[in-house]
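Engineer: Return a 3D structure for these sequence lines:
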Amino acid sequence: MICVSVANMSGLSEALDSGAGLLELRLDLIGESPSKLFPLIPGNIQTIVTCRPGVISEGERVELLQAGMKLGADYVDIEIETAAGDMELLLSTARQSGCRVIISYHDFKRTADREDLESLMIACYEKGGEIAKIATQVNASEDIRNLLSLYDFPGKKVILGMGPMGRITRVIGPYLGAEFTFASTAEGGETAPGQLSVKQLNELYKVIDEDERIR
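Structural biologist: Numbers count the residues shown, from 1 in each chain. Alright, predicted model coming up:
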């Protein structure tokens, strides 16, 4: 499944028009409250609420995520480095709301070696994640191999390489067992380095699936 990442109100309209079945609402970028966003989203479309740190205060960030969960978000994405008290508050709200928990780790500079990546993934589960999400900057082909090797281990996961070289991980992930992969609403609307647009991903999958039918 392709999850379309939404960074602004116009992007929400584009994502809905794309036919996406899953949306990531980047509450740190959109600049609107969940109470304004959720009435615009049809009930048959699933949602992930995400609010990356560093844009607003931690207190506001927790409140936005809680509001999104209470309004019916299907998933919440919580960074692994979230303070213990805030983490427990968010996990409690997720349990009460029936919202599935993604614990995520991001490194915008490098990709660790396979052993460290495995440890980070395990930590995501130990922190309370039903799904572990690892997203790191890809600087060499070895980084791609290390990231994709995580699909050899049990557990629900989404593994993403950032940057131009990491694009292959975004394409191949669903074929290796990823819960979903992320795409932008359109070229120029990326919310992460190396993110492909939903149109580009759909075109690639069409080619791949057509090739499989021919075989």
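
Engineer: Does residue 3 touch residue 18 like I think?
Structural biologist: No: contact criterion C-beta atoms under 8 Å: residue 3 and residue 18 do not qualify, at 11.4 Å. (Each C-beta comes from the backbone N, C-alpha and C, glycine too.)

Engineer: if you count what's nearby, which of those two comes out ahead?
Structural biologist: Neighbour count, other C-beta atoms under 10 Å: between residue 3 and residue 18, residue 3 has more, with 22 against 18.

Engineer: could you point out where the protein is predicted with low confidence?
Structural biologist: Low-confidence segments of the chain, defined by pLDDT under 70, are located at 211-215.

Engineer: okay, which residue is most central for it?
Structural biologist: Residue closest to the average C-alpha location in the chain (C-alpha atoms, centre = their mean): residue 182, at 6.1 Å.

Engineer: so that residue, which of the three states?
Structural biologist: strand (DSSP: H, G, I helix; E, B strand; the rest coil).

Engineer: Any figure for the gap between it and residue 24?
Structural biologist: Distance from residue 182 to residue 24, counting by C-beta to C-beta, to the nearest Å: 7 Å.

Engineer: what residues are shared contacts of these two?
Structural biologist: Here residue 182 and residue 24 share the contacting residues 3-5, 191, scored by C-beta atoms under 8 Å, 6 or more residues apart in numbering.

Engineer: which one of those residues sits closest to residue 121?
Structural biologist: Nearest to residue 121 among these: residue 3, at 18.9 Å, using C-beta to C-beta.

Engineer: Just list whatever residues bridge to that closest one.
Structural biologist: residue 22, residue 182 (DSSP bridges).

Engineer: Pull the contacting residues for it.
Structural biologist: 20, 22-24, 48, 180-183.
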